[in-house]
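>>> Take a look and give me a structure for this.
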Amino acid sequence: MKKLLSIVCLILVCFSFSSCNQNAGKINNVVIDIGESTKFSREEIQTAVDCVINKFKDFEGCDLKKMWYDEEKSNLVIESYISNGKGSHNGVQKENVIVLLSNFDVDATGGDGSLNPNSTYTNWNWILIRDSKTGNWKADDWGY
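Residues are numbered from 1 along each chain as shown. From the prediction side, this is the model:
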């Protein structure tokens, strides 16, 4: 009986772990367009993309459809971020900020409750920063 109870508990634990991340942000079919840049190498942009993809996994009930880099749009958002956003007080240098854009769908759950259920978000900004030219990107802010 004790052995049977242990097996049942083990099975329940396995099922609970398999369902924990079931609603994690989907990244399987994302289309990525790195685009041209005079500021960043393709590798720098790709590591920023990888950072966003990793962060997007936290967006429960969401499906990332497209992500891209547009230097002109990135520069406009960076100016605002540096003068009025978090960049105005965290001391980051412009050359250590990149902005990626994305489109994603939200299912009926509305993600964590902060997103509109059954909707599509387009031109969503991801602001990433790093400590230095050789530092790792981290997602510092996102949204519109």
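>>> Bridged to F104, which residues?
L64, Y121 (DSSP bridges).
>>> give me the number of residues near it?
23 (other Cβ atoms under 10 Å). All C-beta spots, glycine's among them, are computed from the backbone N, C-alpha and C.
>>> Report pLDDT for it.
As predicted, F104 sits at a pLDDT of 98.
>>> ok, it touching F59?
Yes: between F104 and F59 there is a contact under Cβ atoms under 8 Å: 7.3 Å.
>>> what ranges do the helices span in this protein?
Taking DSSP state H as the criterion, the chain contains helices spanning 2-20, 42-56, 71-83, 87-90.
>>> residues near E36, how many?
9.
>>> need the contact list for the nearest residue to it once chain neighbours are set aside.
Closest residue to E36 apart from its sequence neighbours, by Cβ to Cβ, 6 or more residues apart in numbering: E71 at 6.9 Å. Neighbouring residues of E71 by Cβ atoms under 8 Å, 6 or more residues apart in numbering: 35-39.
>>> Equivalent analysis for K66, please.
30-33, 102-103.
>>> Closest one of those residues to L128?
S102 (12.2 Å; Cβ to Cβ).
>>> how many other residues sit next to the closest one?
22.
>>> For it, list the residues it contacts.
Per Cβ under 8 Å, 6+ apart, neighbours of S102: 52, 56, 64-68, 121, 124, 126.
>>> Recalculate using a threshold of 7 Å.
64, 66-67, 124, 126 (Cβ atoms under 7 Å, 6 or more residues apart in numbering).
>>> ok, of the helices of the chain, where does mean pLDDT dip lowest?
The bottom spot among those, by mean pLDDT, belongs to helix 2-20, with a mean of 39.
>>> Going by distance to S83, which of the contacts of K66 wins?
Out of the contacts of K66, the member with the shortest distance to S83 (by Cβ to Cβ) is S102, at 23.5 Å.
>>> roughly how far apart are that closest one and N90?
Distance, S102 to N90, by Cβ to Cβ, to the nearest Å: 23 Å.
>>> ok, now L115?
L115 is 26 Å from N90, by Cβ to Cβ.
>>> The two: which has the busier surroundings?
L115 (17 against 11).
>>> if I pick that one, what's in contact with it?
Counting by Cβ under 7 Å, 6+ apart, the residues that L115 touches are V106.
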